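*Asks:* Here is a sequence together with a model predicted from it:
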Amino acid sequence: MPEDLAIRTEGLTKKFGDFTAVDHVDLEVRRGEVFGFLGANGSGKSTTIRMLCGLLAPTEGRAEVSGMDVREHPERIREVIGYVAQFFYLYGDMTVRENMELFGGIYGVPEDELPGRIDRWQERLDLGQYSRVLGADLSMGMQRRLSLACAVLHQPRLLLLDEPTSGVDPLVRREFFDVIGELQDEGTTILVTTHVMDEAERCNRMSLMDRGRIVAVGTPAEIKEMSGGRIYSLEVRDLAKALDLLQEREGLRQAQPFGRQLQFQLAQGGDDEAEEIAAWLRDQGLDVDDPEPVRPTIEHTFLTLLGGSGSEEDDGQ
Amino acid sequence: MISGARLKRMVRKEFRQFFRDKMMLRMSIMIPIVQTLILSYAANTDAVDVPTVVCDLDRTQVSREFLASVTSLDTFDLVGQEVSVEDMELALDRGTAELALYIPSGFSRDVLEGDAQVQILVNGADSITATAASSYLLQSAAAYDVTVKRERVARLGLSTQGLPSVRSETRVFYNPDLRSMWFMAPGVMAMLLFVLLQNFAALSIAKEKELGTFEQMVMTPIRPTELLLGKLIPYGLIGALDALVIGTMVVGLLGVPLRGSVLTLAVALIIFIFATLGSGLLLSAVSANQQQAQILNFFLSFPSILLSGFIFPRENLPQVLYWVSEVIPMTYLLRIIRGVFLKGTGFAELWLPNLLPLTVLAIIFFTLGVLRFQKRLD
């Protein structure tokens, strides 16, 4: 494994009975990058992460974390990983500081260094005044910060963040990503699963997972390019009816509401074809403005590549 | 392989959580105290004040004499005298009497002729009381029999000296008055420790699975052995404290003699606590949540109580169940604890037949727990 890779998988596969949760995944995460791990719920993200931590044995293929095979050295791998779960999975009946002492201790932070590190992280994440507050009594945002603090005390080489900002306000979210940026500057590799697209924008590179397969890998700019046809936005009064009509029409990749507007993506062509669609909608008796071109986002690629197939079920555990 | 630092953190965590959980605290202190008192008094198989009716159809001097000598014991509480046959049966049916003594007419004549019969009717629905009470009645009837014969012989002017007779005298060792309290209280101690600790252990990991903290824990480099020992050590200490409290009550308050060595008892209890926590943690490791753990614990606790000899003698068990009872830690602890308390049995005699198997079981349960508790989610 080359020195500059934090994670490398080859043909990594996990089957639960007949169900293939992860299907021949080849993934390379470079040392020191923030890597976005995108995909709908149930696409196999969590299963992949669990295999990377040695909690699930791969059915096929191999995976290395920090140069160590996940089958051979699961405990040593867990020593260099920090994990922030999707929910508050720390001890609600212990205080902020007690939780940090526990996890710092378990991760092997030397006794004499631990108090200093806890102080620093409490200050850095504004947890200082909550030091003696029980985990269960913290606000959701504070619980998130505590989860992060407990995961970084041992200065992990790889930080895994599972939907780190679900359910928190934008301020906490921004702060969170600021800290992630700082950790990256200090040399930590970060793997973050998310389905919030503006979080994905802040990643150096990302992968898109669908039904157990990686369907796209690249920088945010590269991912946006993959969206295919051009995208337009329309102001329309009867949004529901317009959507219904467009479902029938050929030459469209996708159409969906976007706020009070309607966005559609052309299979091919540009402004003329878009005008044609607007005119056709007017013929159907709808009150429609002129179409405006829209810059493609990651979400567009997401929708194009997944073709609306993302299931809502959780990972098959 | 085990890191002292990690283990220390885990033990401290468990203690913290234990002392913050008011319910757990109450359970581990109040339950042993209250239950020791209730169970030791309730689990009483002595027959005292058994409601008894007498149907005396003879109504002679002789029958009254017989009755007086037979029913003078504390065992019987005469709730009806000289009732009719119908009323006697009704009393048994209704449960106002557990025992009935029927004296047929002509009893006094038969006594003189040397072939008198009386009938004892017992309520077999409560077989413990019935057996105890009817055996007392039989004993006193036999005693009356001897007395009458001796009187007759004396009246004939003969010496009773050379009268042929065999008297079997029973001497009960270790518990001369056959007080069931002495027999039950040490068993209650074993059972309370078992129920309390197995429950604590069974819920512990299941609770973490339910709260999700387990998911966070498995992501850390902590080893299964450290995690299990981290729970076992604090619970074991709490169990030892409970054993001390219950033991003190059994001796000090209930007056059960502790004839053997306290040290032997302590060693046995510590091994038993270890075995019970081991089996509890194993239950916890195979359960997905607290409810599952509790139901499993519930069903597996019954055999421990019923097959271990706590209530019924193991000798009466069918062969298969007898074998099952051999892998129940309670079986060994009961033998040890009763032996040490009442007989003063020493370490040397207990080691091979009881302490060793108990130790082996403890090691097996803990090892199975560690093995089952691999940090794998599949």
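*Replies:* Perfect, thanks for sending it.

*Asks:* where are the low-confidence patches of the stretch 151-300 of chain B?
*Replies:* Scanning the stretch 151-300 of chain B for pLDDT under 70 picks out the ranges B:159-172, B:174-178.

*Asks:* what's the answer for the stretch 1-150 of chain A, then?
*Replies:* In the predicted model of the stretch 1-150 of chain A, residues A:1-3 satisfy pLDDT under 70.

*Asks:* near chain B, which residues of it?
*Replies:* The stretch 1-150 of chain A has residues A:16, A:50, A:53-57, A:74-76, A:78-79, A:81, A:83, A:85, A:87-94, A:98, A:101-103, A:105-108, A:111 near chain B, with proximity defined as Cβ under 8 Å from any Cβ of the partner chain. Where C-beta positions appear, they are placed from N, C-alpha and C, glycine not excepted.

*Asks:* Mind checking which of those are in helices?
*Replies:* Counting by DSSP state H, the part of those found in helices is A:50, A:74-76, A:78-79, A:98, A:101-103, A:105-106.

*Asks:* Pick the one among those closest to chain B.
*Replies:* Set against chain B, the nearest of these by Cβ to the nearest Cβ is residue A:105 (3.6 Å).

*Asks:* So which bits of chain B are right by chain A?
*Replies:* With the criterion set to Cβ under 8 Å from any Cβ, chain B comes near chain A through B:3, B:5-6, B:8-10, B:12-13, B:16-17, B:20-21, B:211-213, B:215-216, B:218-223, B:375-378.

*Asks:* burial of the nearest residue to residue B:345 once chain neighbours are set aside, as a residue count?
*Replies:* Counting by Cβ to Cβ, 6 or more residues apart in numbering or on different chains, residue B:345 lies nearest to residue B:339, which is 3.6 Å off, once chain neighbours are set aside. Per other Cβ atoms under 10 Å in any protein chain shown, the neighbour tally for residue B:339 reads 23.

*Asks:* again, but for residue B:18
*Replies:* Residues near residue B:18, counting by other Cβ under 10 Å, number 19.

*Asks:* That one touches residue B:29, doesn't it?
*Replies:* No - with contact defined as Cβ atoms under 8 Å, residue B:18 does not count as touching residue B:29 (11.5 Å).

*Asks:* Please point out which parts of the helix or strand where residue B:277 lies sit buried.
*Replies:* Using DSSP states H and E, residue B:277 maps to helix B:262-286. By 16 or more other Cβ atoms under 10 Å in any protein chain shown, the buried positions in helix B:262-286 come out as B:264-265, B:267-269, B:271-286.

*Asks:* And the strands in chain A, which stretches?
*Replies:* Counting by DSSP state E, the segments of chain A that form strands are A:5-16, A:19-30, A:34-39, A:60-65, A:68-69, A:81-84, A:158-162, A:189-194, A:205-210, A:213-218, A:231-235, A:252-258, A:261-266, A:292-294.

*Asks:* packing partners for the third one?
*Replies:* For strand A:34-39, the contact count by 3 or more Cβ pairs under 8 Å, 6 or more residues apart in numbering or on different chains; DSSP states H and E identifies helix A:45-52, helix A:170-185, strand A:189-194, helix A:197-200, strand A:205-210 as packing neighbours.

*Asks:* which of these has the lowest average pLDDT?
*Replies:* Sorting those by mean pLDDT places helix A:197-200 lowest, at a mean of 77.

*Asks:* Show the end-to-end separation of stretch B:105-117, please.
*Replies:* 10 Å (Cα to Cα, to the nearest Å).

*Asks:* returning to what we had before: nearest to residue A:298, of the helices and strands packed on strand A:34-39?
*Replies:* Proximity to residue A:298 (Cβ to Cβ) singles out helix A:197-200 among the helices and strands packed on strand A:34-39, at 5.0 Å.

*Asks:* Return the distance of the closest one from the chain's centre.
*Replies:* Counting by Cα atoms, centre = their mean, to the nearest Å, helix A:197-200 is centred 8 Å from the centre of its parent chain.

*Asks:* do the same with stretch B:297-308
*Replies:* Distance of stretch B:297-308 from its chain centroid, counting by Cα atoms, centre = their mean, is 13 Å.

*Asks:* buried set for that stretch?
*Replies:* If you call a residue buried by 16+ other Cβ under 10 Å, then stretch B:297-308 has these buried ones: B:297, B:300-301, B:304-308.

*Asks:* okay, those in a markdown table with secondary structure next?
*Replies:* Shown next, in a markdown table, are the buried residues of stretch B:297-308 (DSSP: H, G, I helix; E, B strand; the rest coil):
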| residue | secondary structure |
| --- | --- |
| B:297 | helix |
| B:300 | helix |
| B:301 | helix |
| B:304 | helix |
| B:305 | helix |
| B:306 | helix |
| B:307 | coil |
| B:308 | coil |
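
*Asks:* what would the helices and strands packed on strand A:34-39 look like in a markdown table with mean neighbour count?
*Replies:* Converted to a markdown table, the helices and strands packed on strand A:34-39 look like this (neighbours: other Cβ atoms under 10 Å in any protein chain shown):
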| stretch | mean neighbour count |
| --- | --- |
| helix A:45-52 | 25 |
| helix A:170-185 | 15 |
| strand A:189-194 | 24 |
| helix A:197-200 | 19 |
| strand A:205-210 | 22 |
